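[1] next one to model:
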Amino acid sequence: MLKEGDKAIDFTLMDDEGEPFTLSSLRGKKVVLYFYPKDDTPGCTKEACSFRDDIDKIREKGAEVIGVSMDSLKSHKKFKSKYNLPFKLLSDEKGEVSRIYGVLKMKSFYGLERLGIERSTFIIDEEGVIRKVFRKVKVDNHLEEVLSNL
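    This is a model prediction of the structure:
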């Protein structure tokens, strides 16, 4: 499991426009890499919209936001358009990157167990080092936590 002080593991995933996106392409900028369970669900929508609403504050601190879930590109495109999200959403349909970052967990939903993403955020510095890890994120006040750690 990746922790603070570790080098962020590079990866390439398809973005919401169907283009390959590689994490290391943001080297030289801070990155708010957040993993979330599901497009267009209440908690995930609230989290995405909080990043959207304060994207200027995040960018003033030299950072970019990247969202990752196991949803399809089609789902991401619809979610991004519906809420006018000004950052990339990456599709990790096979859960490979989520597994590498240690956010893929067994979850119980209506008595059924299945693998899913545990809401988590990684703040990565300009050199690609993980500076802060938030696991089991609670959406309320999370943006303030992120901003104070950029």
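
[2] please count neighbours and contacts with C-alpha atoms only from this point.
    OK.

[3] what helix or strand is the residue nearest the centre of the chain located in?
    Centroid-nearest residue in the chain: Y34, 2.0 Å away (criterion: CA atoms, centre = their mean). Of the helices and strands defined by DSSP states H and E, Y34 is found in strand 30-35.

[4] could you do E93 as well?
    Per DSSP H and E, there is no helix or strand for E93.

[5] contacting residues for the nearest residue to it once chain neighbours are set aside?
    Excluding its sequence neighbours, the residue lying closest to E93 (CA to CA, 6 or more residues apart in numbering) is M70, at 4.2 Å. Counting by CA atoms under 8 Å, 6 or more residues apart in numbering, M70 makes contact with P37, K38, S91, D92, E93, K94, G95, I117.

[6] count the neighbours of the second one for me.
    Translated: K38. Residues near K38, counting by other CA atoms under 10 Å, number 20.

[7] need the contact list for it.
    Applying CA under 8 Å, 6+ apart, the residues contacting K38 are C44, S69, M70, D71.

[8] helix, strand or coil for the first one?
    Secondary structure assignment for C44 (DSSP: H, G, I helix; E, B strand; the rest coil): helix.

[9] wait, isn't it in contact with F35?
    No - counting by CA atoms under 8 Å, C44 does not reach F35; the two are 9.6 Å apart.

[10] among the contacts of K38, which are in helices?
    Mapping the contacts of K38 onto helices (DSSP state H) picks out C44.

[11] would TSV of the contacts of K38 with pLDDT and distance to F79 be doable?
    Output for these, formatted as TSV (pLDDT from 0 to 100; distance: CA to CA, whole Å):
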residue	pLDDT	distance to F79
C44	95	10
S69	97	12
M70	96	13
D71	96	10
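
[12] helix or strand: which one has the spatially closest residue to the residue nearest to the centre of the chain that is not a sequence neighbour?
    Using CA to CA, 6+ apart and skipping the chain neighbours, the partner closest in space to Y34 is T121 (4.2 Å). Element membership of T121 [criterion: DSSP H and E] is strand 120-124.
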